[in-house]
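Engineer: Would you be able to build a 3D model of this:
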Amino acid sequence: MRALKEMWERADPVPEGLVDALIAAVAAEDLDAELLTLQPAQLADVRGEAAQVLEFTSDSLTLVVRLGQDDDGSRRVDGWAEGIREVALVNEEWSRTARVSAAGRFEFDKVPSGPVRLRLRSDEGAYLTPGFEV
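Structural biologist: Below you'll find the model as predicted:
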């Protein structure tokens, strides 16, 4: 494997400064987003199953998120926030977007387990939740 790696490093080296530029771009991606604060968690009975309900707030937005399971056992994330027009569920390896209804409702089904964040956008600005486990 070492010989293969060395061959590719000679044949197609990483451009100078590319790694630093990528790190800076990723770090700056959410600089315009307001970080939402997680409020104390509650448990709610939804469709006969215990679901975790998270509430995130800022001065200008309240976001309610329900973490649950579908009948087939897959994980899902449902949320509501008035005034949002875009939402993405992200982790270090992937990002998914969902349609947001006029009432601010969105849902993600078949979500892989692990740490995630929600990135939201409204006419007022961008918002980012702290990480949480699905």
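
Engineer: ok, what's across the strand from D78?
Structural biologist: Counting by DSSP bridges, D78 is bridged to R66, E107.

Engineer: Could I get the pLDDT score of it?
Structural biologist: Predicted confidence (pLDDT) for D78: 96.

Engineer: I'd say it and S101 touch.
Structural biologist: No - with contacts counted by CB atoms under 8 Å, D78 stays clear of S101, the gap being 11.3 Å. Every residue, glycine included, has its C-beta placed from N, CA and C.

Engineer: So for these two, which residue has more residues nearby?
Structural biologist: The residue with more neighbours, out of D78 and S101 and counting by other CB atoms under 10 Å, is D78; that gives 18 against 11.

Engineer: List the contacts of the more buried one.
Structural biologist: Residues near D78 by CB atoms under 8 Å, 6 or more residues apart in numbering: V65, R66, G68, R105, F106, E107, F108.

Engineer: Since that was my last question, I'll sign off now.
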